[in-house]
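In: Model the following, please.
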Amino acid sequence: MSLTEPPPELTELRRIIEAAGARLQAMVVCEVAHGSQRLPVHAIALGSASPSAPAVGFFGGVHGLERIGTQVVIAYLESLVARLQWDVVLQTQLQHLRLVFMPLVNPGGMARGTRANPRGVDLMRNAPVEADEPVPLLLGGHRIGPTLPWYRGAPHDAMQIESAALCEVVTRELLGRPLSIAVDCHSGFGLLDRIWFPFAHTRRPIEHLAEVHAFTTLLDQSCPHHRYRVEPQSRQYRTHGDLWDHLYLRSLQHRPPVFLPLTLEMGSWLWIKKNPRQLLSRQGLFNPSITHRRQRVLRRHLAWFDFVTRAASSFGAWLPSGAAREAEHRQALVRWYGAEPASASGPPTAPTARGRG
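Out: Numbering: from 1, shown residues only. Okay, the predicted model is just below:
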């Protein structure tokens, strides 16, 4: 692909939007400069317009190198559009469920083949959230400069337009509902497919740990042969500036509704293990390069996406309350934190904020 051309994923997304017509509500939430072009960031919605309906948002392409995340989200959107023509079960489900898609948050980075956006900022280190303990050098987010990876942006700068657009869509479409779930698709971490939930800036458990545990139990029982490892991101490493930490903390202003941001980290090391020649390509470090492996990845995760939408639609049957919620919370502390921390019983404390939210 020429660096002067838009990414093919953007062309595919435009094709789906045009073919779907009135079945989707699509808008351009911002545009990103790429040479002489302006690349759009699309947000797409379908389903119930009622603010009391649960919602699921699917996001991809926050890191421009991780094309497979965008491809998985586009594949699911394309499947839904095709099924809308004949699938009565899906049509009925969408009468009571809102679905939102931002498949390509960082089109400039994807066109350039970089993790960061065209201004050198890592969008997943760009939120006004500070870690409450030391983070890994560089990896945890830094202010040194855009020539190094994981650059957060200059101190006191506003959020990048792509980050701000994602936050705007999440705030408008997901927050304040009785239940909303965000699924953000990435690649490049280990041999396993992981599902991370906040926090990334602290080891402290989130306020809705019981709900995450109930969701995980539902996944284990309903899909007993799944290969996902569900865990807080802080179990692996901590960072400054995580967008989903920022949005989760913002969601706490909308009590009692529940917002569960999940990050799908596809284990790209498995693709490299099966095809070591991928080490010779920067794209190969983060994406399956052989067609049948890419197709296998798309099939595997589309089934999980469908599970997430069904769980959101039926949240009243599994979302815990009262004594059951307290039991779920205790079990989650044992499962993910080893024991009950003394600080876990109270609500999370907001981190230091800088810049514009």
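In: Show me the strands in the stretch 151-300 of the chain, by range?
Out: All strands of the stretch 151-300 of the chain, identified by DSSP state E, counting those that start in this stretch, fall at 179-187, 193-197, 228-232, 258-266.
In: and the ones you listed as TSV, adding distance to residue 64 and mean neighbour count?
Out: The way it works is simple: take the backbone N, C-alpha and C, and place the C-beta from them, glycine included. Converted to TSV, those look like this (distance: least, Cβ to Cβ, whole Å; neighbours: other Cβ atoms under 10 Å):
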stretch	distance to residue 64	mean neighbour count
strand 179-187	12	24
strand 193-197	20	22
strand 228-232	25	18
strand 258-266	16	24
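In: between these, which gets nearest to residue 54?
Out: strand 179-187 (4.4 Å; Cβ to Cβ).
In: What are the contacting residues of that closest one?
Out: 54-60, 62-63, 66, 68-70, 72-73, 170, 174, 244, 247, 257-268, 286-287, 301, 305, 308, 311-312, 315, 319 (Cβ atoms under 8 Å, 6 or more residues apart in numbering).
In: and it, how far out from the chain's middle?
Out: Centre-to-centre, strand 179-187 and its host chain are 3 Å apart (Cα atoms, centre = their mean, to the nearest Å).
In: Given that strand, what are its sheet partners and their directions?
Out: Note on strand 179-187: by DSSP bridges, its sheet partners are strand 55-60 (parallel), strand 258-266 (parallel).
In: Can you lay out these as a markdown table showing mean pLDDT and distance to residue 282?
Out: Formatted as a markdown table, those follow (pLDDT from 0 to 100; distance: least, Cβ to Cβ, whole Å):
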| stretch | mean pLDDT | distance to residue 282 |
| --- | --- | --- |
| strand 55-60 | 98 | 18 |
| strand 258-266 | 97 | 17 |
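In: could I get these as CSV with distance to residue 157?
Out: CSV is the format used below for the strands paired with strand 179-187 (distance: least, Cβ to Cβ, whole Å):
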stretch, distance to residue 157
strand 55-60, 22
strand 258-266, 23
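In: buried residues in the helix ranked longest in the chain?
Out: In the chain, assigned by DSSP state H, the helix with the most residues is helix 291-313. Of the residues in helix 291-313, those with enough neighbours to count as buried (16 or more other Cβ atoms under 10 Å) are 293-294, 297-298, 301-302, 304-305, 307-309, 311-313.
In: In a markdown table: those, plus pLDDT and distance to residue 206.
Out: Formatted as a markdown table, these follow (pLDDT from 0 to 100; distance: Cβ to Cβ, whole Å):
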| residue | pLDDT | distance to residue 206 |
| --- | --- | --- |
| 293 | 83 | 34 |
| 294 | 83 | 33 |
| 297 | 84 | 28 |
| 298 | 84 | 30 |
| 301 | 94 | 24 |
| 302 | 95 | 27 |
| 304 | 96 | 21 |
| 305 | 98 | 22 |
| 307 | 98 | 21 |
| 308 | 98 | 18 |
| 309 | 98 | 22 |
| 311 | 98 | 18 |
| 312 | 98 | 18 |
| 313 | 98 | 23 |
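In: farthest pair in the residues you listed?
Out: 293 and 313 (31.3 Å).
In: picking up where we left off before, quick one: the longest helix of the chain to strand 179-187, angle?
Out: Relative orientation of helix 291-313 and strand 179-187, computed by axes from the mean of the first three to the mean of the last three Cα atoms, to 10 degrees: 170 degrees.
In: Show me the shaky parts of this protein.
Out: Within the chain, the segments meeting pLDDT under 70 span 1-3, 340-357.
In: just the helices in it please.
Out: Per DSSP H, the chain carries helices over the ranges 8-20, 67-83, 88-93, 107-112, 161-173, 209-222, 243-251, 268-274, 291-313, 322-337.
In: Could you figure out how far the longest one is turned away from helix 67-83?
Out: Meaning helix 291-313. Orientation check (the same axes, to 10 degrees): helix 291-313 against helix 67-83 gives 60 degrees.
In: angle of helix 291-313 against helix 209-222?
Out: Going by the same axes, to 10 degrees, helix 291-313 makes 120 degrees with helix 209-222.
In: try the last one
Out: If you take the same axes, to 10 degrees, helix 322-337 sits at 80 degrees to helix 209-222.
In: what's the angle from helix 322-337 to strand 193-197?
Out: Put simply, helix 322-337 runs at 120 degrees to strand 193-197, going by the same axes, to 10 degrees.
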